[in-house]
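> Can you look at this prediction? I've put the sequence above it.
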Amino acid sequence: MDSIVIIEPEIEVIETPAELLITDEPIVTTFVERERGAPGEKGEKGGKGDPGPQADEIYMTAGVGGVSALKVIRGNVGNVGAYADSDEVPNSIAGVSFSAANEGDDFLVRGAGLVTDSGWNWDLTRPIFLGKGGALTQAADTGEYVVVIGYPVAADKMIIRIGGFVKTVS
């Protein structure tokens, strides 16, 4: 069998197939240390980085089909997010998506706090529930499970406060 030889300045490494390494002979390896120059001067301090997520926010990876913004998201193995649904056991709800994402892309999910959307027109006297396909709805009877996702504080604002769930009886 042939050996592969990789040559770098001042270093020669010889790799041999694994089956040739079974031997009673000692294996001797020699390394040549390269000299380094003196360390350079410390540079200027960099600018402030982008803020990280809040304590109630996580980044997830969009599952099959991607995700839309302002949908209720459940977590799966590997931090993959998909729509929660009122017909599925809601024991892995992560929060509400804050951005849309294509399959495999990262997106932001908030598990608590204030959310605003000018397209909403919430009834301030009713809570907001999990609906079909991750929808936010004020109709509690949309599926097999009832889950409070939050409460409206204005027609276009809600506070995310995910509650426990109740299985409906047919």
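The structure has been received and is ready for your questions. Numbering: from 1, shown residues only.
> in the protein, which segments are predicted with low confidence?
1-33, 52-55, 141-142, 170 (pLDDT under 70).
> elements contacting the biggest strand by length in the chain?
Longest strand in the chain, counting residues (DSSP state E): strand 145-154. Counting contacts by 3 or more Cβ pairs under 8 Å, 6 or more residues apart in numbering; DSSP states H and E, strand 145-154 is packed against strand 93-97, strand 128-130, strand 157-161, strand 165-167. For the C-beta atoms, the positions are set from N, CA and C on the backbone; glycine is no exception.
> For these, give me TSV that also has mean neighbour count and distance to residue 138.
Formatted as TSV, those follow (neighbours: other Cβ atoms under 10 Å; distance: least, Cβ to Cβ, whole Å):
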stretch	mean neighbour count	distance to residue 138
strand 93-97	23	15
strand 128-130	26	6
strand 157-161	17	10
strand 165-167	13	16
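> which one of those strands lies closest to residue 72?
In terms of Cβ to Cβ, the element of the helices and strands packed on strand 145-154 nearest to residue 72 is strand 128-130, at 5.0 Å.
> so what strands line up beside that closest one?
strand 136-137 (antiparallel), strand 145-154 (antiparallel) (DSSP bridges).
> Give the full set of residues in contact with residue 134.
With contacts defined as Cβ atoms under 8 Å, 6 or more residues apart in numbering, residue 134 is in contact with 67-68, 71-73, 83-85, 97.
> how about CSV for these, with distance to residue 50 added?
Converted to CSV, the contacts of residue 134 look like this (distance: Cβ to Cβ, whole Å):
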residue, distance to residue 50
67, 22
68, 24
71, 24
72, 26
73, 22
83, 28
84, 28
85, 33
97, 20
